[in-house]
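Colleague: Sequence plus the predicted model coming up.
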Number of protein chains: 2
Amino acid sequence: MSEQPASAPVIVPAPTTSPLPHTVAAALKRDGAGLVAAVVQQFDTHEVLMLGWMDDEALHRTMTSGRVTFYSRSRQEYWRKGDTSGHVQWVKSVALDCDGDALLIRVDQVGAACHTGTRTCFDGRDLDVQTGEAL
Amino acid sequence: MSEQPASAPVIVPAPTTSPLPHTVAAALKRDGAGLVAAVVQQFDTHEVLMLGWMDDEALHRTMTSGRVTFYSRSRQEYWRKGDTSGHVQWVKSVALDCDGDALLIRVDQVGAACHTGTRTCFDGRDLDVQTGEAL
């Protein structure tokens, strides 16, 4: 992210058993729970659909299976998106950001991304803010 | 996020001194460091520019000033995007997701979002993955 020192410390070291390619495992900057944020975007319309969390195993499954798998912080288990809802996310691409703490997963989303039934988890959830613009 | 129980526990309670409107502070689901993820998207092209982190104070500043302010996990301080680089983010809208752990900040980005000089923090950083598609 901008203006961040390139030497920002890794918060959690790579697990010794990571299933990821070494270069990917070494680049990840995990939070205290061993997770990175995964932004999910519809590949053609560019809608931001949702944000989930991945550990090394969830990212490995996402990179190798064609389907998105997250790690649920609340349930402390893996969940492959769509297995219960049918609202599958087909993987189109995966990118890791400059400082290793965020993934951008481009997908083809089947149906609603949100468990509430809205297309994205942000639809209709705008906060009241002061906007800004260049003078 | 999809398939998550609505009763997922709040990880960190709202600080007693939150400057946010009560309904917003009560809806945030903070991580162990008191932060939520903030996805930043260019409002017109819909590019995902970067991901940053916000605590209650950073979100308050973002909601009320027209400019995006993050909390730096590595430097443990607030940084208002563009103050040193000139690459200001003008706030267009802010939405909080269905389970309160992610923000979508739509902005007008001046120049490069990434400190490496690329337009987004994900440009040119694709991982080698197996893609998927409906049969």
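Modeller: Happy to help now that I have it.

Colleague: Can you show me the helices along chain A?
Modeller: With helices called from DSSP state H, chain A shows them at A:22-27, A:56-65.

Colleague: Let me have those in JSON lines, extended by mean neighbour count, distance to chain B and mean pLDDT.
Modeller: (C-beta placed from N, C-alpha, C; glycine too.) Converted to JSON lines, those look like this (neighbours: other Cβ atoms under 10 Å in any protein chain shown; distance: least, Cβ to the nearest Cβ, whole Å; pLDDT from 0 to 100):
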{"stretch": "helix A:22-27", "mean neighbour count": "15", "distance to chain B": "6", "mean pLDDT": "96"}
{"stretch": "helix A:56-65", "mean neighbour count": "20", "distance to chain B": "4", "mean pLDDT": "98"}
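
Colleague: Now do the buried residues in stretch A:88-102.
Modeller: Under the neighbour-count criterion of 16 or more other Cβ atoms under 10 Å in any protein chain shown, stretch A:88-102 has A:88-92, A:94-102 buried.

Colleague: chain center to that stretch: distance?
Modeller: Counting by Cα atoms, centre = their mean, to the nearest Å, stretch A:88-102 is centred 6 Å from the centre of its parent chain.

Colleague: how long is that stretch from one end to the other?
Modeller: Chord length of stretch A:88-102, first to last residue, is 21 Å (Cα to Cα, to the nearest Å).

Colleague: wait, does that stretch make contact with chain B?
Modeller: Yes - contact of stretch A:88-102 with chain B (Cβ under 8 Å from any Cβ of the partner chain) involves A:88, A:90-99, A:101-102.

Colleague: got it, and stretch A:118-125?
Modeller: Yes - counting by Cβ under 8 Å from any Cβ, chain B has neighbours in stretch A:118-125: A:118, A:121-122, A:125.

Colleague: Would you mind naming the residues that bridge with the residue nearest the centre of chain A?
Modeller: What sits nearest the mean C-alpha location of chain A, by Cα atoms, centre = their mean, is A:Ala38, with 1.0 Å. A:Ala38 has these beta-bridge partners by DSSP bridges: A:Gly52, A:Leu103.

Colleague: With A:Ser93 instead?
Modeller: Going by DSSP bridges, A:Ser93 forms beta bridges with A:Arg106.

Colleague: residue ranges with poor pLDDT in chain A?
Modeller: A:1-14 (pLDDT under 70).

Colleague: just to revisit the earlier point, which among the helices of chain A is found nearest to B:Ala113?
Modeller: Of all the helices of chain A, helix A:22-27 sits nearest to B:Ala113, with 19.1 Å by Cβ to Cβ.

Colleague: Noted, bye for now.
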